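**Student:** sharing a model that was predicted from the sequence below.
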Amino acid sequence: MQSFRFLILILLLIVSFISCDKNDIINSSDEQIVVDGWIEDEGMPIVLLTKSSTIDHGIHYIDEITNYFVINANVRIVSEGDTIQLPLSIDDRYFPPYIYTTDKLIGHSGQKYELLIDTPDNHHLSAVTSIPAKVEVDSFQILNSEISDTLFSIKGFFKDIPNEKNYYKYFVKVTNENITDTLEYYASLFFSNIYLSPGVGGVINDVVSDTNISFIINRGFINSDSNYITDFRHGDIVNVKFAQVNNETYRFWYDMQTSIIFGNCFFINSSKNISSNINGGLGAWCGYGANYYTINIP
C-alpha cells in the first residue's frame with residue numbers, strides 16, 4: 001500500500017492539529033494517540049500508532065523519537081460480528097517500523113470495519129471505516145509538460161458511478177534506472193517501494209455531473225524536497241494506486257493537502273484542524289477500494 005508516505009503523515013499529524021490561534025493550542029499534558037491506519041480491498045489491515053507532541057513541548061532530539069512510538073497497545077478490528085486481534089509486527093518499509101496487522105483479516109469492498117484500540121495508559125480509541133467498490137481507470141495519456149520540454153505530465157480517465165456522491169484518492173510511486181546523480185539515485189532506491197501522496201492534487205470529488213472524469217497525476221511529495229515538481233522525466237516508471245474512498249477518508253486527505261499548500265508555516269494548518277474519524281484520538285482509519293497501474297515514461 002502507500003507505506004513510507006506515513007513518515008510525512010506522522011510528522012504533519014504531530015503538529016497540524018494545532019490551530020494558529022493561541023487559545024486553541026493543546027497543552028503538553030494533553031498528549032493524544034495518533035492513528036495512521038487503513039484497510040483496502042483484498043488487503044490486510046495496517047495500523048501505526050504514535051503519540052502527539054505540541055509546539056510548546058520544546059526541542060525534540062533524535063534519540064527521543066522512540067518515546068512517541070506506541071508498541072504496547074491492544075488493537076482489534078470488529079467486522080461481520082467477529083473480533084480479530086492485530087498483533088505487533090516489525091516492518092522496515094514503514095515509519096515507525098512497528099505496525100499492527102494480521103493475515104487473518106482481508107478487506108472486502110462493501111464491508112465496514114470497526115477499529116478498537118486500548119493502551120496501558122488508559123487511552124481508548126475507536127473508529128469505523130468502509131471499503132468502497134473499486135473503480136477502474138480506463139486509460140492514461142502522457143502529455144508534454146507545460147513547464148519544461150524535458151518533463152511530462154500524465155492524465156487519467158475514468159467513469160464515475162452515476163447518481164452517487166463519490167470520492168477518490170490516488171498515490172504515486174516512481175522509480176528510474178537512468179538517474180546519473182549519485183545522491184538522487186540512492187534517494188530513488190530508498191523510496192522505490194513507497195506510494196506517496198502528491199503535494200498537489202491527489203483527491204477527487206465528483207462535483208461535475210459528467211460521469212466521464214479526467215484528472216492529472218502528480219508526483220508523490222516528500223516533505224524534505226525543496227525542489228518539488230509535479231511532472232515526470234524520461235525513464236520514470238510511474239506506479240499509481242487509484243482508490244475510491246468514503247467521505248471521511250476524502251476529508252482527511254483534503255485537509256492534509258490544504259494544510260501543506262496553504263499553511264503560513266509548512267507544518268501548521270493555517271485555518272482549522274485536520275478532519276479525523278478517530279474517537280478518543282487523532283488521525284484516520286481509512287478504507288480503500290484500490291486498483292494499481294504502471295505507466296512508463298519513454
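**Tutor:** Okay, I see it. These numbers come from a predicted model, not from an experiment.

**Student:** could you identify the helix or strand that succeeds the helix or strand bottoming out on mean pLDDT in the chain?
**Tutor:** When the helices and strands of the chain are scored by mean pLDDT, DSSP states H and E, helix 5-16 comes last with a mean of 43. Per DSSP states H and E, helix 5-16 leads on to strand 33-40 as the next helix or strand towards the C-terminus.

**Student:** and the angle for the helix or strand following that next one with strand 33-40?
**Tutor:** Where DSSP H and E defines the elements, the next helix or strand beyond strand 33-40 is strand 46-51. If you take axes from the mean of the first three to the mean of the last three Cα atoms, to 10 degrees, strand 46-51 sits at 170 degrees to strand 33-40.

**Student:** list the buried residues of stretch 194-206.
**Tutor:** By neighbour count with 16 or more other Cβ atoms under 10 Å, stretch 194-206 contains the buried residues 194-199, 201-204, 206. C-beta: built from backbone N, CA, C; applies to glycine.

**Student:** helices along the stretch 151-298 of the chain, start to end?
**Tutor:** Using DSSP state H, counting those that start in this stretch, the helices found in the stretch 151-298 of the chain span residues 182-190, 247-262.

**Student:** compare the mean pLDDT across those helices and name the weakest.
**Tutor:** With a mean of 52, helix 182-190 has the lowest mean pLDDT of the helices of the stretch 151-298 of the chain.

**Student:** now do the same for the spatially closest residue to N205 that is not a sequence neighbour: its pLDDT.
**Tutor:** Distance criterion Cβ to Cβ, 6 or more residues apart in numbering; nearest residue to N205, sequence neighbours excluded, is Y167 at 5.9 Å. Note for Y167: predicted pLDDT of 95.

**Student:** then V207?
**Tutor:** For V207, pLDDT reads 72.

**Student:** coming back round to it: nearest to V34 among the buried residues of stretch 194-206?
**Tutor:** Ranked by distance to V34 (Cβ to Cβ), the buried residues of stretch 194-206 are led by S197 at 16.5 Å.

**Student:** got the phi and psi for the nearest residue to I90 once chain neighbours are set aside?
**Tutor:** Spatial nearest neighbour of I90, chain neighbours left out: P97 (5.5 Å); criterion: Cβ to Cβ, 6+ apart. Per-residue torsions, P97: phi -80, psi 10 (degrees, to the nearest 10).

**Student:** try E136
**Tutor:** With angles defined as degrees, to the nearest 10, E136 sits at phi -80, psi 140.

**Student:** what's the spacing between it and T294?
**Tutor:** Counting by Cβ to Cβ, to the nearest Å, the gap from E136 to T294 is 14 Å.

**Student:** sorry, back to before: can you tell me which residues contact the residue nearest to N205?
**Tutor:** Y167 makes contact with 203-206, 244-247, 249-250, according to Cβ atoms under 8 Å, 6 or more residues apart in numbering.

**Student:** out of those residues, which is nearest to I33?
**Tutor:** Nearest to I33 among these: T249, at 19.0 Å, using Cβ to Cβ.

**Student:** neighbours around the residue nearest to the closest one when sequence neighbours are not counted, how many?
**Tutor:** By the measure of Cβ to Cβ, 6+ apart, the closest residue to T249 outside its immediate chain neighbours is C286, 4.3 Å from it. When neighbours are defined as other Cβ atoms under 10 Å, C286 has 28 of them.
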